[in-house]
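In: Build me a model:
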Amino acid sequence: MNYFSIYCKPRRLIKPKFIVVCSMLFIAAGCQNSTLRYDLNEQQKIYIHETTKNYGGLIELYKQRLQHSDSEDTRYKLAQVYYLSNDFEAAKRTLTPVLNKSKNDNLFSLYGHVESKMGNNDTALESLDKAIAINPKNGEAYNIKGIVLLKKKQYDAARYAFNLARENFYDENKVTNNLAMLSILNKDYNEAYKHLNILYKKGYRDQTILHNLLYTLVKLNKFQLAKSFCIGHRLSNDPEILIQELKQIEPIKAIKFNEITPAQSDNQKQYTTEKTTLKQISKTETVVKPEKKTNSQTVAKSEISAKLSNVAKLKTEAEPKIASQQATVSNSGAETSSVASKQNNQVNQTKTQSTILAVRSGEHEKFSRITFETENQLSKKQYLIEKISPTEFKLSFYDITLPSAGINYIINRISRSDRDFANVTGTLTAEKTLILQIKTKQKSIVKDFDAGLNSNGKAHCFAFDFYLENK
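Out: Numbers count the residues shown, from 1 in each chain. All right, here's what the predicted structure looks like:
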């Protein structure tokens, strides 16, 4: 055999195999790259939806993932988002199929929280006890259990649960607030004030902390300090009337255990620290008799109701955090974060003050319409529509000035259209955000649009039409 045959023969045999092997490797590499690109794309979408609190987008992503592969982890994440969007029925429905075989303590903790929100406290306790049995160091489960026990008026057991939550390193500030609420329910206002003042000195300025502090000051008969505190934090346009109302309210009547807190409330900014108010809180105050209210002083009942709903409220009911994806997305993740940040900044910069001049409501054949007349044209970035449930809607208007008649005028005008509307309540936050809670008599949808100038051509009109789903 010559040298030519020795070297050429093997090559003829190896070449086809080599081509096949290489082709398989290229195909495999292509599939892996395609899968990787898909995963990164999904993670970026999740990141953006989490950053912007787009719960609807997250729900669709996790539902698509469930259709592709039904797993306990995906169900848990989907239920978390349903919980944050206040759709507790959907959260329960999502978790139920995996409860019997699950060993995930966080899943049982979330299920207990959902049952508690739905008013099923005994079922909630059973689920929380399962979570604790799986993981005795689950501080969040102890905290939620304490809240459920408070609702059942088992105060000693609730205190024990909160202390266990603290011992297992659950959020110290949330536990402190819950202990303050427990003290308020026990009418131990000095102890409640002590707990709340710790949080206040740390710089906490959310509505719950501020209103709980105001409530304890009133119950401690520190009326002058309560008045200055109310004015300093802009808690009411009529502080004396609010204080007089708070004097008459018992803690158990002020608490709304199953009140639905809209998810978007997380977007409201915390108050900045006012040094003068902080100094007043720190000083020892003398008892001052409450000033008599004059006949000229009036306040809308709706505002009082809104303020009282924040007193001793369980705001720290440990809203579950959406589990973030742990995979690292280096450059693309940074770019996504930058884009989301810019979008938020643009939204904030576009908000301009608008004055509501009038509100009208009426009934048409297929819908009921609410029309707002404003001094300046209302842009879509100055309001938000949230569907809390098929019959519950929340309208938020940012940086708003109310008409001279106040918020009660707006509520009365909307309530006149009673064919489709069952209930209307509202409040104006310290940040001048008008929040209207509207309950319809049947399942409805909302369509909004700019209706142009009014008949006089001096005001801009913006309409919200409530259609029944079956029409």
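In: Run a quick neighbour tally on Gln154.
Out: 16 (other Cβ atoms under 10 Å). All C-beta atoms are positioned from the backbone trio N, CA, C, and that covers glycine.
In: What of Leu453?
Out: Here the count is done by other Cβ under 10 Å, and Leu453 has 12 residues near it.
In: repeat for Leu164
Out: Using other Cβ under 10 Å, Leu164 is surrounded by 21 other residues.
In: I'd guessed it sits against Ile144; true?
Out: No - using Cβ atoms under 8 Å, Leu164 is not in contact with Ile144; the gap is 11.6 Å.
In: Pass me the low-pLDDT residue ranges in the protein, would you?
Out: The chain contains residues with pLDDT under 70 at 1-40, 253-353, 470-471.
In: Show me it divided up by domain.
Out: For the chain, automatic domain parsing gives the domain ranges 202-290+299-320, 350-468.
In: Can you lay out those domains as JSON lines showing distance to Met118?
Out: Below are the domains of the chain laid out as JSON lines (distance: least, Cβ to Cβ, whole Å):
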{"stretch": "domain 202-290+299-320", "distance to Met118": "8"}
{"stretch": "domain 350-468", "distance to Met118": "12"}
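In: Which among the ones you listed is found nearest to Leu196?
Out: For the domains of the chain, proximity to Leu196 was assessed by Cβ to Cβ; domain 202-290+299-320 is nearest, at 4.9 Å.
In: Please tell me how far the residue lying closest to Asn190 once chain neighbours are set aside sits from His211.
Out: Sequence neighbours aside, Leu220 is the residue nearest to Asn190 in space, at 6.9 Å (criterion: Cβ to Cβ, 6 or more residues apart in numbering). According to Cβ to Cβ, to the nearest Å, Leu220 stands 15 Å off from His211.
In: So between these two, which is more surrounded?
Out: Shown here are Leu220 and His211; by other Cβ under 10 Å, His211 has more neighbours (25 against 16).
In: May I ask you to confirm that the more buried one is in contact with Cys230?
Out: No - with contact defined as Cβ under 8 Å, His211 does not reach Cys230; the gap is 9.6 Å.
In: Break down the stretch 301-450 of the chain into its helices, ranges please.
Out: Along the stretch 301-450 of the chain, counting by DSSP state H, counting those that start in this stretch, helices occupy 301-308, 330-350, 407-415.
In: Tell me the helices and strands packed up against the strand or helix carrying Tyr215.
Out: Element membership for Tyr215, per DSSP states H and E: helix 207-219. Here helix 207-219 touches helix 172-185, helix 189-201, helix 223-232, helix 239-248, going by 3 or more Cβ pairs under 8 Å, 6 or more residues apart in numbering; DSSP states H and E.
In: how about TSV for these, with mean neighbour count and distance to Ser396 added?
Out: Converted to TSV, those look like this (neighbours: other Cβ atoms under 10 Å; distance: least, Cβ to Cβ, whole Å):
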stretch	mean neighbour count	distance to Ser396
helix 172-185	22	25
helix 189-201	19	26
helix 223-232	20	23
helix 239-248	19	22
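In: Pipe those helices into JSON lines and attach distance to Ile134 per row.
Out: Formatted as JSON lines, the helices and strands packed on helix 207-219 follow (distance: least, Cβ to Cβ, whole Å):
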{"stretch": "helix 172-185", "distance to Ile134": "21"}
{"stretch": "helix 189-201", "distance to Ile134": "30"}
{"stretch": "helix 223-232", "distance to Ile134": "44"}
{"stretch": "helix 239-248", "distance to Ile134": "43"}
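In: separation between the closest residue to Glu363 other than its chain neighbours and Ser404?
Out: Distance criterion Cβ to Cβ, 6+ apart; nearest residue to Glu363, sequence neighbours excluded, is Arg419 at 4.8 Å. Remark: distance between Arg419 and Ser404 (Cβ to Cβ) = 29 Å.
In: So for those two, which sits in the more crowded spot?
Out: Neighbours per residue (other Cβ under 10 Å) separate Arg419 from Ser404, with Arg419 holding more: 9 against 6.
In: Contact partners for that one?
Out: Neighbouring residues of Arg419 by Cβ atoms under 8 Å, 6 or more residues apart in numbering: 363, 368, 441.
In: What count of nearby residues applies to the residue nearest to the last one when sequence neighbours are not counted?
Out: Using Cβ to Cβ, 6+ apart and skipping residues adjacent in sequence, the residue nearest Lys441 is Ala422, 4.8 Å away. Other residues near Ala422 come to 13 when the count uses other Cβ under 10 Å.
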